[in-house]
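Trainee: Okay, predicted coordinates and the sequence, questions at the end:
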Amino acid sequence: MRILTFANNKGGVGKTTSALSVAHRLVELGSKVLFIDADPQANASTASGLPAEHPHLGLALTEGEGVPTLASLCYPLSTGLSMVRSARIMAQQEKGFGNAPDYQFFFRHQLEDVQSRFDYVIIDTAPNLGPLTVSALVASEAVFIPLQPNLFGSEGMTALIDMVARLKRNFNPQLRVGGIFFTKYSPAYRKALHHQYARDLQADPALASLIMSQTIRENVSLDEAQSMQRPIYDWAPNSNGAADYRSLTDEILTRIS
């Protein structure tokens, strides 16, 4: 079972859209996928139409008797895709979770119980480096970073890469940055400043090998698919969004093979 996290210490970069689109594509390719919505904003859960009455991840973060396991929270969305949903109350529950001993290993230990059920686990994280994001990274073999090529996006990425280095040293020697991909961007766009940021990142010796070839163009079909609670490949299979995420998933699979 391969565990991949999508993260950036910056909101609005297309992280949830990317995580969902890659998960749906892996299912299309025949894999069994568990998607964990570890972002208290719960955008992935909303876009997937999970019933609000189904127990959410936050319940497993608490202590005491009767606490559900992560395995018991998996909700089957389709033949190949299950999801652990989020809820906004998790923002409060996460604060207590971060005070628990060994919280860093929560996902690693909980996911041991579902290894035989899934080929991939995709974890969507909040736009911060809080306890849930830390735990997701400690459980993962690779983190993929969506990035808009601008000043603020770059600052968020730098903080995350520093965090990955510390977690790799202290908790998870296998963890690595699987790749950085540009979102809401195309080399064909007339956005000179964005192109300059992209070139600067590609010229950085420490980052050049991490920059992925595939970029994600702006595409209204991606927003429409989420509002209709449909995978982009069903809603608009011939759209730029569907094409870009098919290619991105292929590149991710190549990078982790």
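Mentor: Received the coordinates, thanks.

Trainee: pLDDT score for residue 202?
Mentor: Model confidence at residue 202, given as pLDDT, is 85.

Trainee: Helix, strand, or coil at it?
Mentor: For residue 202, the assignment made with DSSP: H, G, I helix; E, B strand; the rest coil gives helix.

Trainee: Likewise for residue 35?
Mentor: Taking three-state DSSP, the label given to residue 35 is strand.

Trainee: in the sheet, who's paired with it?
Mentor: Residue 35 has these beta-bridge partners by DSSP bridges: residue 83, residue 122.

Trainee: What is the neighbour count of it?
Mentor: Residue 35: 28 surrounding residues under other C-beta atoms under 10 Å. C-beta here means a position set from N, CA and C on the backbone, and glycine is covered the same way.

Trainee: That one contacts residue 81, doesn't it?
Mentor: Yes - if you go by C-beta atoms under 8 Å, residue 35 and residue 81 touch, sitting 6.6 Å apart.

Trainee: shared neighbours, those two?
Mentor: residue 23 (C-beta atoms under 8 Å, 6 or more residues apart in numbering).

Trainee: Sketch out the low-pLDDT regions of the stretch 101-250 of the chain for me.
Mentor: 151, 153 (pLDDT under 70).

Trainee: in it, which spans are helices?
Mentor: 106-111, 131-139, 151-170, 192-203, 220-227, 232-235, 240-256 (DSSP state H, counting those that start in this stretch).

Trainee: give me the number of residues near residue 205?
Mentor: Using other C-beta under 10 Å: residue 205 sits among 6 other residues.

Trainee: and of the helices of the stretch 101-250 of the chain, who's closest to residue 43?
Mentor: Evaluated over the helices of the stretch 101-250 of the chain, closeness to residue 43 peaks at helix 220-227, with 8.0 Å, by C-beta to C-beta.

Trainee: now the angle from that closest one to helix 240-256?
Mentor: 90 degrees (axes from the mean of the first three to the mean of the last three C-alpha atoms, to 10 degrees).

Trainee: tell me the angle the strand or helix carrying residue 26 makes with helix 240-256.
Mentor: For residue 26, the element it lies in under DSSP states H and E is helix 15-28. For helix 15-28 against helix 240-256, the angle by the same axes, to 10 degrees is 80 degrees.

Trainee: mind checking how far helix 15-28 is from the chain centre?
Mentor: Taking C-alpha atoms, centre = their mean, to the nearest Å, one finds the center of helix 15-28 at 9 Å from the center of the full chain.

Trainee: Buried residues in stretch 230-237, which are they?
Mentor: Applying a neighbour-count criterion of 16 or more other C-beta atoms under 10 Å, the buried positions in stretch 230-237 are 230-233, 235-236.

Trainee: cool, stretch 10-17 as well?
Mentor: For stretch 10-17, a neighbour-count test (16+ other C-beta under 10 Å) marks 10, 13-17 as buried.

Trainee: tell me which of those is nearest to residue 104?
Mentor: residue 15 (21.0 Å).

Trainee: re the thing from before, between the helices of the stretch 101-250 of the chain, which one is nearest to residue 179?
Mentor: Closest to residue 179 of the helices of the stretch 101-250 of the chain, according to C-beta to C-beta: helix 240-256, at 5.5 Å.

Trainee: May I have the closest one exported as PDB, CA atoms only?
Mentor: What follows is helix 240-256, C-alpha atoms only, in PDB (Å, rounded to 0.1, in the frame of the first residue of the first chain):
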ATOM      1  CA  ASN A 240      -8.000  20.500 -20.200                       C
ATOM      2  CA  GLY A 241      -8.500  19.700 -16.500                       C
ATOM      3  CA  ALA A 242      -9.100  16.000 -17.100                       C
ATOM      4  CA  ALA A 243      -6.100  15.900 -19.600                       C
ATOM      5  CA  ASP A 244      -3.800  17.600 -17.200                       C
ATOM      6  CA  TYR A 245      -4.600  15.400 -14.200                       C
ATOM      7  CA  ARG A 246      -4.300  12.200 -16.300                       C
ATOM      8  CA  SER A 247      -0.800  13.300 -17.300                       C
ATOM      9  CA  LEU A 248       0.000  14.400 -13.700                       C
ATOM     10  CA  THR A 249      -1.000  11.000 -12.300                       C
ATOM     11  CA  ASP A 250       1.100   9.300 -14.900                       C
ATOM     12  CA  GLU A 251       4.100  11.400 -13.800                       C
ATOM     13  CA  ILE A 252       3.400  10.700 -10.200                       C
ATOM     14  CA  LEU A 253       3.400   7.000 -10.800                       C
ATOM     15  CA  THR A 254       6.600   7.200 -12.700                       C
ATOM     16  CA  ARG A 255       8.300   9.200  -9.900                       C
ATOM     17  CA  ILE A 256       7.300   6.700  -7.200                       C
END
